[in-house]
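Visitor: With the sequence up front, the predicted model follows.
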Amino acid sequence: MSRSHSHTFAVTVTAITQVTPLIKHFVLKASDGSQLPAFSGGSHVIVVMKGASRVHRNPYSLLSSPSDLSSYEIAVRRADPTRGGSVFMHDHVTVGMQLEIAHPVNLFQLDKLARKHVLFAGGVGITAIAAQLEDLKMGSVHYELHYSVRGPEHAAFADRLVKRHGDRVRIYHDSADQRIDIEGLVAAQPLGTHVYVCGPTPMIDRVIASARAAGWANSHIHWEQFSAPPVGEPFDVFLQRSNITLSVPPDQSLLEAIEDAGIDAPYLCRGGVCGECKCRVLEVDGVLVHNDNYLSSEEKASGALIMPCVSRAQGKKLVIDL
Amino acid sequence: MSAVFKTDETFRGDFKYSNSPAAIRRFPLPFVEDKYMYSVNIEPHEAGPKGSIMEFQFDVDEHYIGECRDREIVLKEDPLRYQALPHMMSAQWDVLELLMDSMSRDYPGQFSLSKHGNRWTWHNKLLGIKDEFTFGDPSTLPREPLDYITRQAQGDFVVMDQRDGDLYLEAGMVTTPADWSMDFDLGMTFKEWHGPVPLAHELNVFDRALKFLLNLRLNEPVRRLNWTMTVNPRLDTSPEFYPRWGSDRATVTPDNVADKAHVRVELQGLWRLPRSNAVLFGVRCYLISIRELATIPKWARRTHRALRDLHPALVDYKGLTRYRDHVVNWLAPLDDGSPTTPGNSPE
Ligand code: FES
């Protein structure tokens, strides 16, 4: 029942906008001119980037409206290291270029039974929430968004959102010292409200903690926290079942290295969220660097499991069950 | 398959039902080995060999008209066989689109669909239905979208909403169930719904199946085969009407077993739906009498062995206790003990 590379299709980049110093916005259309596959708000796509030396596959949220399938829109935040997928998107992708993407996957779905939706976004986290707002606009259930940005020059999507959703959207500027009163807002919600958050880790943690403190069931708390595969130290890995040793360079993920060797490994989100790539660790001489949001802290501490899409090892030797 | 669509079949009363030689050869025999073992056996629902029941996403065969007619009969008497909770409307449109797109693409001689933006025209030539409607606006269709389209499709359809790490059965058209009731199960989670299958829990298959389904991808549907046996070619073996068919089992004799006993195979497909992120579960049912099945010598030998050696818990669960021996005895003379080739193909 395990699957690996999903079927991809070709899209053409038709517009690129630098929306903040670190964020670029891309418009993608199907290269064959057809309509793109339908999706639901909160979905992401895996973008396959064929760089000069290696292939990157990164997840990006679809932020365009699910009811307009003539194009998809994604926003990419440039990550610090000088190489990797986001840097490829920023430095090498130009208008007219073709990319491969996989069908949308939704791991951050709106709850259809909610009586009210309260959404929190910080920075580029808005990309996971923007399309949800479009779905909510079509429905009849009340919703509100609280969106925090660094300053006016960072409010890339703010104007657009305010235009579309009016007073259902509130923008908070960090630079003007405007803070979201997460605790107060959560505590004031009526019964049956669902909360959604995507943004920096402290924001996510605060929303979860406030909702739990207010006695909310876990089923009413939703967050998405994709990690792009972080850069780390190079390490070697032995794949026990395939009987092969691989070197994982600093700017490549363990999963990418496995794929480069022609070995099929399962994945879905490539962002440490879904659990699909979970792999048993048979031996480690050194430490595991867990970058995922899937394993529990006990599982991470046990050293028996690793999520190859985002996590790595530091040390002399890693043996995994693949 | 260029099927000749039969126009006068019945799945009740006089049971006017049979398989043409071509339909027999494409029957999905569930016994891929001489010994039957329960397994989850999920595989990608990709295009199968030309003419096979898996060639297309939704198979339309010679029994189409009779099956749609039987569904109308069931619904007239028991309208609750179709149900959908209010929050499933986007999933309903997803299913309508999936079925209309597939059927018109794969059977252009029988079905056609034209789209001008949201204005769609659907033409079902087999049932003589033509409607123009606005995609997304339920008021422009004579019935709710799921009700409308599944009355024009073979097999049962159940739609599951995904939330909180589980799947909830919250809409469906169920008129050909193998002894389960949607009315009873509406709102249940995936595991509650599958509760009664023996052995399966010990094998932990539902935990794995659920995890698999939660991560089911768009455009990558999966399928599996399931089987049971039924007396008479009856599609509606629902618990609601048990008094009507439960006693059929006692009517099987050594003389009539070859015509009365049928193998019932379900081709179960699972699709992720794009706008609702719900999961569609389709159950397409194939019926074949023991006499028809035995026209293929390999299948006679194979079926004889599989039923003879079936695990007692499964004999009981599948409701075969009363007539399994009659079937085995009837098939025994056709089994000379020679080996069977692997797989379920006719040769
Ligand atoms: S692919 Fe989803 S956690 Fe690794």
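Guide: Sure, I can see it.
Visitor: now the helices for the stretch 51-200 of chain A?
Guide: For the stretch 51-200 of chain A, applying DSSP state H, counting those that start in this stretch gives helices covering A:85-91, A:126-138, A:158-165, A:182-187.
Visitor: Next, the angle helix A:126-138 makes with the third one.
Guide: Just to be clear, that refers to helix A:158-165. If you take axes from the mean of the first three to the mean of the last three CA atoms, to 10 degrees, helix A:158-165 sits at 10 degrees to helix A:126-138.
Visitor: now what about helix A:158-165, what contacts it?
Guide: With CB atoms under 8 Å, 6 or more residues apart in numbering or on different chains as the test, helix A:158-165 has contacts from A:Ile126, A:Ala130, A:Leu133, A:Glu134, A:Lys137, A:Leu145, A:Tyr147, A:Val149, A:Val169, A:Ile171. Where C-beta positions appear, they are placed from N, C-alpha and C, glycine not excepted.
Visitor: Give me the distance between the fifth one and A:Val281.
Guide: Which is A:Lys137. For A:Lys137, the distance to A:Val281 equals 45 Å [CB to CB, to the nearest Å].
Visitor: In terms of packing, which of these two has more residues around it?
Guide: Neighbour count, other CB atoms under 10 Å in any protein chain shown: between A:Lys137 and A:Val281, A:Val281 has more, with 18 against 14.
Visitor: Bridged to that one, which residues?
Guide: Beta-bridge pairing for A:Val281 (DSSP bridges): A:Ile320.
Visitor: My read is that it contacts A:Leu288, right?
Guide: Yes - counting by CB atoms under 8 Å, A:Val281 does reach A:Leu288; the two are 6.8 Å apart.
Visitor: intersection of neighbour lists for those two?
Guide: Contacts common to A:Val281 and A:Leu288, judged by CB under 8 Å, 6+ apart, are A:Gly303, A:Ile306, A:Leu318.
Visitor: Now rank the residues you listed by neighbours and give me the top one.
Guide: These, ranked by neighbours (other CB under 10 Å): first place A:Ile306, 28 neighbours.
Visitor: Is it in contact with A:Leu254, as I believe?
Guide: Yes - between A:Ile306 and A:Leu254 there is a contact under CB under 8 Å: 7.5 Å.
Visitor: Find residues that contact each of those two.
Guide: Counting by CB under 8 Å, 6+ apart, the contacts common to A:Ile306 and A:Leu254 are A:Ala313.
Visitor: returning to what we had before: can I get the helices of the stretch 51-200 of chain A in a markdown table with distance to A:Asp292 and mean pLDDT?
Guide: Output for those, formatted as a markdown table (distance: least, CB to CB, whole Å; pLDDT from 0 to 100):
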| stretch | distance to A:Asp292 | mean pLDDT |
| --- | --- | --- |
| helix A:85-91 | 17 | 89 |
| helix A:126-138 | 17 | 94 |
| helix A:158-165 | 30 | 91 |
| helix A:182-187 | 24 | 96 |
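Visitor: so which of those helices is the most packed in?
Guide: Neighbour counts (mean count of other CB atoms under 10 Å in any protein chain shown) averaged over each of those peak at helix A:126-138, with a mean of 23.
Visitor: quick one: it to chain centroid distance?
Guide: Centroid separation between helix A:126-138 and its chain, computed with CA atoms, centre = their mean, to the nearest Å, is 15 Å.
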